[in-house]
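Colleague: Predicted model and sequence below, questions to follow.
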Amino acid sequence: MKLNNFIFYCLASLSFLFGGCNKDFLNTNPQSLITDDAVFKDLGFAQAFLNETYTGVPSGYERGFYLLDDATDIGFTGYPWAYAHLWNQGSVSPTNIPKFSVPWDGGASTPWANWYNYVRRANTIIGQIDGVPVPASDIDKINLKKTIKGEAYFLRALFYHELVKLYGGVPIIKRPQSFTEKPDALLVPRNTYDECVNLIVSDLDSAALLLPVKFTGKDVGRATKAAALALKGRQLLYAERWNESAQASLAVLNMPDYSLFPNYEQLFWSANNNNSEVIFARQYLSKATNRIHQANQWNSPASRGGWGGTQPTQNLVDQYEMTDGLTYDKSPLYKPLDPYKNRDPRFDATVLHDRSIWIGDTLNLTKGAFQGIMGSSNDATKTGYYLRKFLDPAIITVDNNNGYNNWNNIRLAEVKLNYAEAVNEATGPDATVYSAINDIRMRPSVNMPPLVAGLTKDQMRDKIRHERLIELAFEEHRFFDLRRWKDASGQYLANTILAQPIYGMQIDSARTTYTVFKKQDLVYDPKDRLYPIEQSEINKYGGKLVQNPGW
């Protein structure tokens, strides 16, 4: 494989991002073509190759004008061209695939091609890093090689985790394939789901043995032992291997290096990148570095020059408890003409609603208002709400739409939720399950009442699922949770929840009438639980690659 000038620029730039490189690396000539063999004859090149592989770490900010939760019951995208509509309207097919934005490629690619491109890069590192020459007496460089290998194991597991979430069992490729190989050697058939899970777990175990619990200084943002064990816990949770999942998550919870960040809203702001709660994040830098995203502009209200992309639904709003811990329809705190008052504080930290105060403005989202329902702004809300979560007021102005707040792939609150779910499914709601959920509910900026004692396993399951929805809203877990969770009859929840309408809120100009209206009927078929493999990939395999059921 050859790397052109553009990729070389990425390698050089990213080596500064993740720890720098030596002068020989920067002075190497010519800088136009670099083969894999040349890369792995120099430790600086090898680390830069690893650093560029981090551009494959998923980020909802780079999905392309929408968040994945816009293809669920809790979100709607105001952009008519956004890929989320393909799911919502039942228009997905093997030749019409919702794409994922990918850094550096100037557009978007399909998930299969994207993740296997990065799997190949990880395979190259794992296969060649041991052969990079370093002095036998240079302990620091010897240890750096081990760390690089551990990071590559983590990244390969992460990329396969993304593939398996979407497609189920996929072809396992553990070596860098060459274009000179015969087709039969390149076209690997699909492995089973369990085989893929076992590979992911094995890679994460290998990573955990080679990586530190936490990086500091210039190396913050790299994969760690904590990240490997947390991802292991998530993958095993998805595979319903409850006891193993609980043990992996517990190992992270027992690490003193991580703690819940006190302020729920602000943990997503750029000033708090890589805070005490963040275990692994897609890194962004300041505007000057050009390692930025535009999600803040895409999603903010029109009053601040935003485009109002992701819009929460009434379906989500109704799920937020009142501050007494009761649902809105059972709480004496609920006022029909002031419906957003006295809600779980995570509501105001996640959703911009009528009369929200946003960067000094009091939002008017009544019917016909500039940015309200049926407003004159081209980017007016279609559901009566805008997204607040992730929007960083320090960098949202009409003239500055570039965001550099990180995308938090794994944070401690998710690990607590993963642990609680795994233990509850394995043995029922013991004291550690209560503690994990109550820790989240009683975060200083949230301070919701603890769960009532004496819940049954089924009741606790409902509480955990509710807490997961509220705590992780728009962090792109809902899309997959609904495809793995089952109801009492054993049916996947997506079969019902994603086949029901989504709703919005319409408010008259005098604010005397609040009317819930149906925004859209969602279209969902059971086959939608898994992505279809792209038809172009099926064609390449000449019948050796089996399509997912129903597609």
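Modeller: Received, thanks.

Colleague: Flag the shaky bits of the protein, pLDDT-wise.
Modeller: Scanning the chain for pLDDT under 70 picks out the ranges 1-35, 64, 100-108, 178-185, 286-291, 396-401.

Colleague: which residues of it fall in strands?
Modeller: 2-3, 34-35, 75-77, 100-101, 108-109, 278-282, 310-312, 351-352, 357-358, 361-362, 386-387, 407-411, 501-507, 514-521 (DSSP state E).

Colleague: Out of those strands, flag the one nearest G542.
Modeller: G542 sits nearest to strand 108-109 of all the strands of the chain, at 22.2 Å, using Cβ to Cβ. For glycine as for every other residue, the C-beta is placed from the backbone atoms N, C-alpha and C.

Colleague: measure A208 to A227 for me?
Modeller: 9 Å (Cβ to Cβ, to the nearest Å).

Colleague: more crowded one of the two?
Modeller: Counted by other Cβ atoms under 10 Å, A208 and A227 do not tie: A227 has more neighbours, with 28 against 23.

Colleague: Report the beta-bridge partners for the residue nearest to that one when sequence neighbours are not counted.
Modeller: Spatial nearest neighbour of A227, excluding adjacent residues (Cβ to Cβ, 6 or more residues apart in numbering): F280 at 3.9 Å. Partner residues in beta bridges with F280, using DSSP bridges, are I410.

Colleague: and F280, what does it touch?
Modeller: Counting by Cβ atoms under 8 Å, 6 or more residues apart in numbering, F280 makes contact with A223, T224, A226, A227, A230, L231, N408, N409, I410.

Colleague: can you redo the strands of the chain as a markdown table with distance to I373?
Modeller: Below are these laid out as a markdown table (distance: least, Cβ to Cβ, whole Å):
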| stretch | distance to I373 |
| --- | --- |
| strand 2-3 | 50 |
| strand 34-35 | 54 |
| strand 75-77 | 12 |
| strand 100-101 | 29 |
| strand 108-109 | 30 |
| strand 278-282 | 34 |
| strand 310-312 | 11 |
| strand 351-352 | 14 |
| strand 357-358 | 17 |
| strand 361-362 | 17 |
| strand 386-387 | 12 |
| strand 407-411 | 30 |
| strand 501-507 | 5 |
| strand 514-521 | 8 |
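
Colleague: how about those, which one is nearest N143?
Modeller: strand 278-282 (21.0 Å).

Colleague: angle of the closest one against strand 407-411?
Modeller: 150 degrees (axes from the mean of the first three to the mean of the last three Cα atoms, to 10 degrees).

Colleague: pretty sure D130 is touching K149, no?
Modeller: Yes: taking Cβ atoms under 8 Å as the definition, D130 is a contact partner of K149 at 7.3 Å.

Colleague: ok, those two, which is more surrounded?
Modeller: K149 (21 against 11).

Colleague: Need the nearest residue in space to the more buried one, chain neighbours excluded.
Modeller: K149 sits nearest to I129 (Cβ to Cβ, 6+ apart), 5.0 Å away.

Colleague: Tell me how many other residues crowd the one you found.
Modeller: Applying other Cβ under 10 Å, I find that I129 has 23 neighbouring residues.

Colleague: Which residues are in contact with it?
Modeller: Per Cβ under 8 Å, 6+ apart, neighbours of I129: F40, A46, K145, I148, K149, A152.

Colleague: T496 now?
Modeller: Counted by Cβ under 8 Å, 6+ apart, T496 has contacts D487.

Colleague: any idea how far the closest residue to T72 other than its chain neighbours is from D70?
Modeller: Leaving aside its sequence neighbours, T72 sits nearest to R478 (Cβ to Cβ, 6+ apart; 4.7 Å). Note on R478: its distance to D70, by Cβ to Cβ, is 10 Å.

Colleague: which of these two has more neighbours?
Modeller: Per other Cβ under 10 Å, whichever of R478 and D70 has more neighbours is D70, with 29 against 23.

Colleague: Hmm, the more buried one is touching A82, no?
Modeller: Yes: at 6.8 Å, D70 and A82 qualify as touching, with contact defined as Cβ under 8 Å.

Colleague: which neighbours do those two share?
Modeller: With Cβ under 8 Å, 6+ apart as the test, D70 and A82 reach no residue in common.

Colleague: doesn't N408 make contact with Y284?
Modeller: No: contact between Y284 and N408 fails when scored by Cβ under 8 Å: they sit 11.3 Å apart.

Colleague: Give me the common contacts of those two.
Modeller: In contact with both Y284 and N408: no residue, using Cβ under 8 Å, 6+ apart.

Colleague: Any figure for the gap between G368 and P339?
Modeller: G368 is 20 Å from P339, by Cβ to Cβ.

Colleague: To clarify, my last question referred to Y492.
Modeller: As judged by Cβ to Cβ, Y492 and P339 stand 31 Å apart.
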